[in-house]
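A.B. asks: this one's sequence-less:
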(Lines give C-alpha, C1' and ligand atoms only; values in the text may rest on other atoms or scores of the structure.)
Protein backbone atom coordinates (compact mmCIF):
# COMPACT_ATOMS: atom_id res chain seq x y z
CA UNK A 1 0.00 0.00 0.00
CA UNK A 2 2.92 2.36 0.68
CA UNK A 3 4.14 1.97 -2.87
CA UNK A 4 0.70 2.71 -4.22
CA UNK A 5 0.40 5.84 -2.05
CA UNK A 6 3.63 6.94 -3.76
CA UNK A 7 1.89 6.60 -7.11
CA UNK A 8 -1.09 8.58 -5.81
CA UNK A 9 1.33 11.32 -4.74
CA UNK A 10 2.74 11.51 -8.25
CA UNK A 11 -0.79 11.69 -9.65
CA UNK A 12 -1.63 14.56 -7.30
CA UNK A 13 1.44 16.46 -8.39
CA UNK A 14 0.71 15.77 -12.03
CA UNK A 15 -2.92 16.92 -11.77
CA UNK A 16 -1.98 20.04 -9.86
CA UNK A 17 0.39 21.07 -12.67
CA UNK A 18 -2.29 20.48 -15.34
CA UNK A 19 -0.49 19.22 -18.43
CA UNK A 20 -3.50 19.53 -20.73
CA UNK A 21 -4.06 16.95 -23.42
CA UNK A 22 -1.14 14.77 -22.40
CA UNK A 23 -2.47 14.30 -18.87
CA UNK A 24 -4.21 10.97 -19.48
CA UNK A 25 -1.20 9.36 -21.13
CA UNK A 26 1.09 10.63 -18.36
CA UNK A 27 -1.16 9.14 -15.69
CA UNK A 28 -1.13 5.85 -17.59
CA UNK A 29 2.67 5.99 -17.70
CA UNK A 30 2.77 6.38 -13.91
CA UNK A 31 0.61 3.31 -13.42
CA UNK A 32 2.71 1.28 -15.83
CA UNK A 33 5.82 2.29 -13.89
CA UNK A 34 4.14 0.98 -10.75
CA UNK A 35 2.90 -2.28 -12.24
CA UNK A 36 6.12 -2.99 -14.16
CA UNK A 37 8.76 -2.00 -11.63
CA UNK A 38 7.22 -1.74 -8.16
CA UNK A 39 4.29 -4.15 -7.89
CA UNK A 40 6.31 -7.34 -8.42
CA UNK A 41 8.77 -6.41 -5.66
CA UNK A 42 6.11 -6.31 -2.95
CA UNK A 43 6.11 -10.08 -2.40
CA UNK A 44 2.32 -10.43 -2.37
CA UNK A 45 -0.57 -10.09 -4.80
CA UNK A 46 -3.75 -8.10 -4.39
CA UNK A 47 -6.69 -10.32 -3.33
CA UNK A 48 -9.05 -8.21 -5.45
CA UNK A 49 -9.63 -8.20 -9.21
CA UNK A 50 -8.68 -5.95 -10.82
CA UNK A 51 -5.80 -5.14 -8.49
CA UNK A 52 -5.84 -1.81 -6.69
CA UNK A 53 -3.49 -0.24 -9.23
CA UNK A 54 -5.52 -1.40 -12.23
CA UNK A 55 -8.75 -0.49 -10.46
CA UNK A 56 -7.41 3.03 -9.93
CA UNK A 57 -6.30 3.30 -13.54
CA UNK A 58 -9.77 2.31 -14.72
CA UNK A 59 -11.39 4.74 -12.27
CA UNK A 60 -9.29 7.67 -13.49
CA UNK A 61 -9.85 6.72 -17.12
CA UNK A 62 -13.63 6.32 -16.80
CA UNK A 63 -14.53 9.07 -14.32
CA UNK A 64 -11.77 11.64 -14.36
CA UNK A 65 -9.42 12.88 -11.65
CA UNK A 66 -11.76 13.79 -8.80
CA UNK A 67 -14.11 10.79 -8.83
CA UNK A 68 -11.22 8.50 -9.78
CA UNK A 69 -9.35 9.64 -6.69
CA UNK A 70 -12.35 9.09 -4.43
CA UNK A 71 -12.97 5.62 -5.86
CA UNK A 72 -9.30 4.73 -5.47
CA UNK A 73 -9.29 5.86 -1.83
CA UNK A 74 -12.42 3.81 -1.16
CA UNK A 75 -10.86 0.72 -2.78
CA UNK A 76 -7.64 1.04 -0.75
CA UNK A 77 -9.72 1.20 2.44
CA UNK A 78 -11.84 -1.82 1.43
CA UNK A 79 -9.10 -3.98 -0.10
CA UNK A 80 -9.09 -7.47 1.37
CA UNK A 81 -11.88 -6.81 3.88
CA UNK A 82 -15.41 -8.26 4.07
CA UNK A 83 -14.65 -10.70 1.27
CA UNK A 84 -18.11 -12.27 1.56
CA UNK A 85 -19.50 -9.21 -0.25
CA UNK A 86 -17.73 -9.92 -3.54
CA UNK A 87 -18.02 -12.57 -6.23
CA UNK A 88 -15.10 -15.00 -6.19
CA UNK A 89 -13.56 -16.00 -9.52
CA UNK A 90 -10.36 -17.56 -10.74
CA UNK A 91 -8.03 -15.10 -12.46
CA UNK A 92 -4.64 -16.20 -13.75
CA UNK A 93 -4.74 -19.32 -11.62
CA UNK A 94 -5.61 -17.54 -8.38
CA UNK A 95 -8.90 -16.93 -6.55
CA UNK A 96 -9.77 -13.23 -6.72
CA UNK A 97 -12.64 -11.14 -5.39
CA UNK A 98 -14.21 -9.14 -8.22
CA UNK A 99 -14.70 -5.42 -7.67
CA UNK A 100 -14.75 -2.90 -10.53
CA UNK A 101 -15.07 0.91 -10.52
CA UNK A 102 -18.44 0.48 -12.20
CA UNK A 103 -19.51 -1.63 -9.26
CA UNK A 104 -23.10 -2.39 -10.25
CA UNK A 105 -23.71 -6.11 -9.97
CA UNK A 106 -24.27 -8.08 -13.12
CA UNK A 107 -27.86 -8.93 -13.94
CA UNK A 108 -26.72 -12.23 -15.33
CA UNK A 109 -28.48 -15.29 -13.86
CA UNK A 110 -26.26 -17.77 -12.06
CA UNK A 111 -25.14 -20.53 -14.41
CA UNK A 112 -25.53 -23.28 -11.80
CA UNK A 113 -29.27 -22.60 -11.65
CA UNK A 114 -29.87 -24.46 -14.86
CA UNK A 115 -30.62 -28.19 -14.65
CA UNK A 116 -29.29 -30.66 -17.18
CA UNK A 117 -31.28 -30.74 -20.39
CA UNK A 118 -32.82 -33.97 -21.63
CA UNK A 119 -34.07 -34.82 -25.08
CA UNK A 120 -37.65 -34.16 -26.08
CA UNK A 121 -39.98 -36.99 -27.13
CA UNK A 122 -38.30 -40.05 -25.65
CA UNK A 123 -40.76 -42.37 -27.44
CA UNK A 124 -38.84 -41.53 -30.56
CA UNK A 125 -36.30 -44.15 -29.47
CA UNK A 126 -38.77 -46.87 -30.34
CA UNK A 127 -38.29 -46.23 -34.04
CA UNK A 128 -34.68 -47.43 -33.91
CA UNK A 129 -33.71 -44.84 -36.48
CA UNK A 130 -30.47 -43.02 -37.18
CA UNK A 131 -31.06 -40.38 -34.52
CA UNK A 132 -31.32 -42.81 -31.61
CA UNK A 133 -27.62 -42.49 -30.77
CA UNK A 134 -27.82 -38.69 -31.01
CA UNK A 135 -30.70 -38.57 -28.51
CA UNK A 136 -28.99 -41.00 -26.17
CA UNK A 137 -25.99 -38.64 -26.00
CA UNK A 138 -28.31 -35.79 -25.01
CA UNK A 139 -29.79 -37.85 -22.18
CA UNK A 140 -26.31 -38.89 -21.06
CA UNK A 141 -25.46 -35.16 -20.76
CA UNK A 142 -22.67 -35.68 -23.28
CA UNK A 143 -23.69 -32.57 -25.16
CA UNK A 144 -20.40 -31.98 -26.98
CA UNK A 145 -20.53 -35.48 -28.49
CA UNK A 146 -24.20 -34.98 -29.34
CA UNK A 147 -23.34 -31.87 -31.34
CA UNK A 148 -20.64 -33.77 -33.22
CA UNK A 149 -23.13 -36.55 -33.95
CA UNK A 150 -25.64 -33.97 -35.17
CA UNK A 151 -23.03 -32.57 -37.58
CA UNK A 152 -22.31 -36.09 -38.81
CA UNK A 153 -26.01 -36.73 -39.46
CA UNK A 154 -26.32 -33.49 -41.39
CA UNK A 155 -23.12 -34.04 -43.36
CA UNK A 156 -24.05 -37.54 -44.50
CA UNK A 157 -27.67 -36.63 -45.17
CA UNK A 158 -29.04 -39.02 -42.55
CA UNK A 159 -31.70 -36.63 -41.26
CA UNK A 160 -35.01 -38.42 -41.29
CA UNK A 161 -38.47 -36.91 -41.71
CA UNK A 162 -38.77 -35.98 -38.01
CA UNK A 163 -36.64 -32.87 -38.48
CA UNK A 164 -38.10 -30.99 -35.50
CA UNK A 165 -36.83 -33.54 -32.96
CA UNK A 166 -33.34 -33.41 -34.40
CA UNK A 167 -33.13 -29.62 -34.63
CA UNK A 168 -34.70 -29.06 -31.22
CA UNK A 169 -32.28 -31.34 -29.41
CA UNK A 170 -29.38 -29.77 -31.24
CA UNK A 171 -30.46 -26.42 -29.75
CA UNK A 172 -30.86 -28.06 -26.35
CA UNK A 173 -27.25 -29.25 -26.55
CA UNK A 174 -25.96 -25.80 -27.56
CA UNK A 175 -27.80 -24.16 -24.67
CA UNK A 176 -26.56 -26.77 -22.22
CA UNK A 177 -22.87 -26.08 -22.96
CA UNK A 178 -23.28 -22.30 -22.99
CA UNK A 179 -23.05 -21.78 -26.75
CA UNK A 180 -25.88 -19.26 -26.66
CA UNK A 181 -24.57 -16.97 -29.40
CA UNK A 182 -24.06 -19.95 -31.68
CA UNK A 183 -27.63 -21.09 -31.02
CA UNK A 184 -29.00 -17.67 -32.00
CA UNK A 185 -26.87 -17.61 -35.14
CA UNK A 186 -28.01 -21.09 -36.08
CA UNK A 187 -31.65 -20.19 -35.53
CA UNK A 188 -31.42 -17.05 -37.64
CA UNK A 189 -29.37 -18.50 -40.49
CA UNK A 190 -29.83 -22.27 -40.69
CA UNK A 191 -33.31 -23.27 -39.60
CA UNK A 192 -36.20 -23.45 -42.04
CA UNK A 193 -39.07 -21.02 -41.47
CA UNK A 194 -41.60 -23.66 -40.47
CA UNK A 195 -39.21 -24.99 -37.80
CA UNK A 196 -38.61 -21.48 -36.43
CA UNK A 197 -42.30 -21.15 -35.57
CA UNK A 198 -42.42 -24.22 -33.34
CA UNK A 199 -42.97 -23.30 -29.64
CA UNK A 200 -40.28 -25.70 -28.40
CA UNK A 201 -37.76 -24.00 -30.68
CA UNK A 202 -38.87 -20.55 -29.55
CA UNK A 203 -38.46 -21.54 -25.91
CA UNK A 204 -34.87 -22.62 -26.49
CA UNK A 205 -34.15 -19.41 -28.40
CA UNK A 206 -35.67 -17.30 -25.61
CA UNK A 207 -33.66 -19.27 -23.06
CA UNK A 208 -30.43 -18.47 -24.93
CA UNK A 209 -31.29 -14.77 -25.11
CA UNK A 210 -32.18 -14.74 -21.43
CA UNK A 211 -28.85 -16.25 -20.46
CA UNK A 212 -27.12 -13.54 -22.52
CA UNK A 213 -28.99 -10.89 -20.49
CA UNK A 214 -31.09 -9.94 -23.52
CA UNK A 215 -34.24 -10.01 -21.42
CA UNK A 216 -36.30 -7.81 -23.73
CA UNK A 217 -35.46 -10.07 -26.69
CA UNK A 218 -36.37 -13.15 -24.66
CA UNK A 219 -39.79 -11.69 -23.86
CA UNK A 220 -40.31 -10.64 -27.48
CA UNK A 221 -39.45 -14.16 -28.67
CA UNK A 222 -41.95 -15.72 -26.28
CA UNK A 223 -44.86 -13.56 -27.47
CA UNK A 224 -45.02 -15.73 -30.59
CA UNK A 225 -46.19 -18.72 -28.52
CA UNK A 226 -49.97 -19.11 -28.79
CA UNK A 227 -52.13 -18.74 -25.69
CA UNK A 228 -53.76 -22.14 -26.26
CA UNK A 229 -50.51 -23.97 -26.93
CA UNK A 230 -49.49 -26.63 -24.42
CA UNK A 231 -46.14 -24.86 -24.00
CA UNK A 232 -47.75 -21.59 -22.90
CA UNK A 233 -47.14 -22.20 -19.14
CA UNK A 234 -43.42 -22.61 -19.92
CA UNK A 235 -43.66 -19.26 -21.69
CA UNK A 236 -45.27 -17.73 -18.57
CA UNK A 237 -42.41 -18.87 -16.35
CA UNK A 238 -39.59 -17.63 -18.56
CA UNK A 239 -41.35 -14.36 -19.37
CA UNK A 240 -41.98 -13.74 -15.68
CA UNK A 241 -38.35 -14.32 -14.74
CA UNK A 242 -37.24 -12.06 -17.61
CA UNK A 243 -39.54 -9.28 -16.42
CA UNK A 244 -38.14 -9.70 -12.91
CA UNK A 245 -34.59 -9.14 -14.18
CA UNK A 246 -35.88 -5.98 -15.85
CA UNK A 247 -37.29 -4.92 -12.44
CA UNK A 248 -40.82 -4.98 -13.87
CA UNK A 249 -42.24 -6.92 -10.95
CA UNK A 250 -45.88 -6.20 -11.76
CA UNK A 251 -45.54 -7.85 -15.17
CA UNK A 252 -43.59 -10.72 -13.60
CA UNK A 253 -46.37 -11.41 -11.10
CA UNK A 254 -48.96 -11.30 -13.89
CA UNK A 255 -47.05 -13.98 -15.82
CA UNK A 256 -46.62 -16.23 -12.78
CA UNK A 257 -50.25 -15.89 -11.73
CA UNK A 258 -51.40 -16.76 -15.26
CA UNK A 259 -49.76 -20.20 -15.13
CA UNK A 260 -52.33 -22.93 -15.61
CA UNK A 261 -53.35 -24.55 -12.31
CA UNK A 262 -52.89 -28.01 -13.85
CA UNK A 263 -49.34 -27.27 -14.98
CA UNK A 264 -46.85 -29.82 -13.72
CA UNK A 265 -44.45 -27.09 -12.61
CA UNK A 266 -47.05 -24.91 -10.91
CA UNK A 267 -44.90 -24.95 -7.76
CA UNK A 268 -42.25 -23.00 -9.72
CA UNK A 269 -44.76 -20.21 -10.34
CA UNK A 270 -45.89 -20.14 -6.71
CA UNK A 271 -42.31 -20.03 -5.48
CA UNK A 272 -41.51 -17.20 -7.89
CA UNK A 273 -44.47 -15.16 -6.62
CA UNK A 274 -43.11 -15.41 -3.07
CA UNK A 275 -39.65 -14.37 -4.24
CA UNK A 276 -40.99 -11.35 -6.12
CA UNK A 277 -42.91 -10.31 -3.01
CA UNK A 278 -39.70 -10.62 -1.01
CA UNK A 279 -37.80 -8.46 -3.50
CA UNK A 280 -40.44 -5.75 -3.32
CA UNK A 281 -40.70 -5.74 0.47
CA UNK A 282 -37.21 -6.38 1.84
CA UNK A 283 -35.91 -3.47 3.90
CA UNK A 284 -33.36 -1.49 1.93
CA UNK A 285 -30.86 0.61 3.81
CA UNK A 286 -30.72 4.32 2.97
CA UNK A 287 -27.57 5.56 1.16
CA UNK A 288 -28.05 9.11 2.45
CA UNK A 289 -27.87 7.83 6.04
CA UNK A 290 -24.49 6.29 5.19
CA UNK A 291 -23.41 9.68 3.85
CA UNK A 292 -24.43 11.47 7.03
CA UNK A 293 -22.81 8.86 9.28
CA UNK A 294 -19.73 9.02 7.08
CA UNK A 295 -19.00 12.50 8.43
CA UNK A 296 -17.39 10.48 11.19
CA UNK A 297 -14.61 8.58 9.38
CA UNK A 298 -15.77 5.04 8.66
CA UNK A 299 -19.33 5.68 9.84
CA UNK A 300 -20.89 4.79 6.49
CA UNK A 301 -19.00 1.49 6.40
CA UNK A 302 -20.13 0.65 9.94
CA UNK A 303 -23.75 1.34 8.89
CA UNK A 304 -23.25 -1.10 6.01
CA UNK A 305 -22.02 -3.74 8.46
CA UNK A 306 -18.46 -3.55 7.12
CA UNK A 307 -16.82 -3.15 10.51
CA UNK A 308 -13.26 -4.01 9.47
CA UNK A 309 -13.39 -1.52 6.61
CA UNK A 310 -14.93 1.11 8.87
CA UNK A 311 -12.19 0.63 11.44
CA UNK A 312 -9.53 0.82 8.71
CA UNK A 313 -11.03 4.10 7.47
CA UNK A 314 -11.14 5.55 10.98
CA UNK A 315 -7.53 4.62 11.78
CA UNK A 316 -6.13 5.60 8.38
CA UNK A 317 -7.87 8.98 8.29
CA UNK A 318 -6.90 9.63 11.91
CA UNK A 319 -3.25 8.80 11.31
CA UNK A 320 -3.10 10.95 8.19
CA UNK A 321 -4.73 13.85 10.03
CA UNK A 322 -2.36 13.48 12.94
CA UNK A 323 0.64 13.35 10.59
CA UNK A 324 -0.52 16.55 8.91
CA UNK A 325 -1.05 18.29 12.24
CA UNK A 326 2.34 17.34 13.70
CA UNK A 327 4.12 18.23 10.46
CA UNK A 328 2.71 21.74 10.45
CA UNK A 329 3.41 22.07 14.16
CA UNK A 330 7.08 21.22 13.63
CA UNK A 331 7.40 23.50 10.61
CA UNK A 332 7.57 20.71 8.03
CA UNK A 333 4.99 22.34 5.76
CA UNK A 334 5.69 20.19 2.67
CA UNK A 335 4.93 16.93 4.42
CA UNK A 336 2.03 18.60 6.22
CA UNK A 337 0.42 19.66 2.95
CA UNK A 338 0.89 16.22 1.42
CA UNK A 339 -0.48 14.45 4.52
CA UNK A 340 -3.36 16.91 4.58
CA UNK A 341 -4.21 16.12 0.97
CA UNK A 342 -4.28 12.42 1.76
CA UNK A 343 -6.40 13.06 4.86
CA UNK A 344 -9.02 14.93 2.83
CA UNK A 345 -8.85 12.33 0.06
CA UNK A 346 -9.35 9.29 2.31
CA UNK A 347 -11.96 11.13 4.38
CA UNK A 348 -13.96 12.06 1.25
CA UNK A 349 -13.41 8.61 -0.25
CA UNK A 350 -14.75 6.93 2.89
CA UNK A 351 -17.94 9.04 2.73
CA UNK A 352 -18.65 8.15 -0.92
CA UNK A 353 -17.45 4.60 -0.26
CA UNK A 354 -19.96 4.16 2.56
CA UNK A 355 -22.76 5.40 0.30
CA UNK A 356 -21.70 3.01 -2.46
CA UNK A 357 -21.45 0.16 0.04
CA UNK A 358 -25.11 0.57 0.93
CA UNK A 359 -26.11 0.69 -2.73
CA UNK A 360 -23.97 -2.39 -3.37
CA UNK A 361 -25.50 -4.17 -0.39
CA UNK A 362 -29.07 -3.49 -1.56
CA UNK A 363 -28.29 -4.65 -5.10
CA UNK A 364 -26.56 -7.75 -3.79
CA UNK A 365 -29.66 -8.75 -1.81
CA UNK A 366 -31.80 -8.20 -4.89
CA UNK A 367 -29.42 -10.24 -7.00
CA UNK A 368 -29.43 -13.14 -4.56
CA UNK A 369 -33.23 -13.20 -4.47
CA UNK A 370 -33.49 -13.08 -8.27
CA UNK A 371 -31.05 -15.98 -8.55
CA UNK A 372 -33.67 -18.16 -6.83
CA UNK A 373 -36.32 -17.57 -9.52
CA UNK A 374 -37.19 -20.76 -11.39
CA UNK A 375 -38.22 -21.61 -14.92
CA UNK A 376 -37.97 -24.54 -17.28
CA UNK A 377 -38.20 -24.87 -21.07
CA UNK A 378 -39.27 -28.50 -21.44
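C.D. replies: Okay, I see it. Just so it is clear, the structure is predicted and the values come from calculations on it, not from any experiment.
A.B. asks: now the strands for the stretch 201-350 of the chain?
C.D. replies: In order along the chain, the stretch 201-350 of the chain carries no strands (DSSP state E, counting those that start in this stretch).
A.B. asks: all helices of it, in order?
C.D. replies: Secondary structure of the stretch 201-350 of the chain, counting by DSSP state H, counting those that start in this stretch: helices at 215-222, 232-245, 249-257, 266-281, 287-293, 299-303, 307-329, 333-370.
A.B. asks: so for residue 142, which of those sits nearest?
C.D. replies: Between residue 142 and those, the shortest gap by CB to CB is with helix 232-245, which sits at 24.8 Å. (Glycine included, C-beta is placed from N, CA and C.)
A.B. asks: what does the closest one contact?
C.D. replies: 107, 109, 199, 203, 206-207, 210, 213, 215-216, 218-219, 222, 225-226, 249, 251-256, 258-260, 263, 265, 268-269, 272, 276, 279, 370, 373-378 (CB atoms under 8 Å, 6 or more residues apart in numbering).
A.B. asks: one step back: need the helices of the stretch 201-350 of the chain in JSON lines (columns: mean neighbour count, mean pLDDT and distance to residue 83).
C.D. replies: Putting these into JSON lines (neighbours: other CB atoms under 10 Å; pLDDT from 0 to 100; distance: least, CB to CB, whole Å) gives the following:
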{"stretch": "helix 215-222", "mean neighbour count": "20", "mean pLDDT": "97", "distance to residue 83": "30"}
{"stretch": "helix 232-245", "mean neighbour count": "24", "mean pLDDT": "97", "distance to residue 83": "26"}
{"stretch": "helix 249-257", "mean neighbour count": "18", "mean pLDDT": "97", "distance to residue 83": "31"}
{"stretch": "helix 266-281", "mean neighbour count": "16", "mean pLDDT": "96", "distance to residue 83": "25"}
{"stretch": "helix 287-293", "mean neighbour count": "17", "mean pLDDT": "95", "distance to residue 83": "20"}
{"stretch": "helix 299-303", "mean neighbour count": "25", "mean pLDDT": "94", "distance to residue 83": "15"}
{"stretch": "helix 307-329", "mean neighbour count": "18", "mean pLDDT": "92", "distance to residue 83": "10"}
{"stretch": "helix 333-370", "mean neighbour count": "19", "mean pLDDT": "90", "distance to residue 83": "13"}
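A.B. asks: make CSV from these and add distance to residue 58 to it.
C.D. replies: As requested, those are arranged in CSV below (distance: least, CB to CB, whole Å):
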stretch, distance to residue 58
helix 215-222, 27
helix 232-245, 26
helix 249-257, 33
helix 266-281, 30
helix 287-293, 23
helix 299-303, 22
helix 307-329, 20
helix 333-370, 15
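A.B. asks: to residue 135, which of those lies closest?
C.D. replies: Comparing the helices of the stretch 201-350 of the chain against residue 135 with CB to CB, the closest turns out to be helix 232-245 (20.3 Å).
A.B. asks: which strands and helices sit next to the host helix or strand of residue 61?
C.D. replies: Secondary-structure assignment from DSSP states H and E places residue 61 in helix 52-78. Using 3 or more CB pairs under 8 Å, 6 or more residues apart in numbering; DSSP states H and E as the contact criterion, the secondary-structure elements in contact with helix 52-78 are helix 2-17, helix 23-33, helix 307-329, helix 333-370.
A.B. asks: which parts of it are buried?
C.D. replies: Within helix 52-78, the residues that qualify as buried are 52-60, 65, 68-78, counting by 16 or more other CB atoms under 10 Å.
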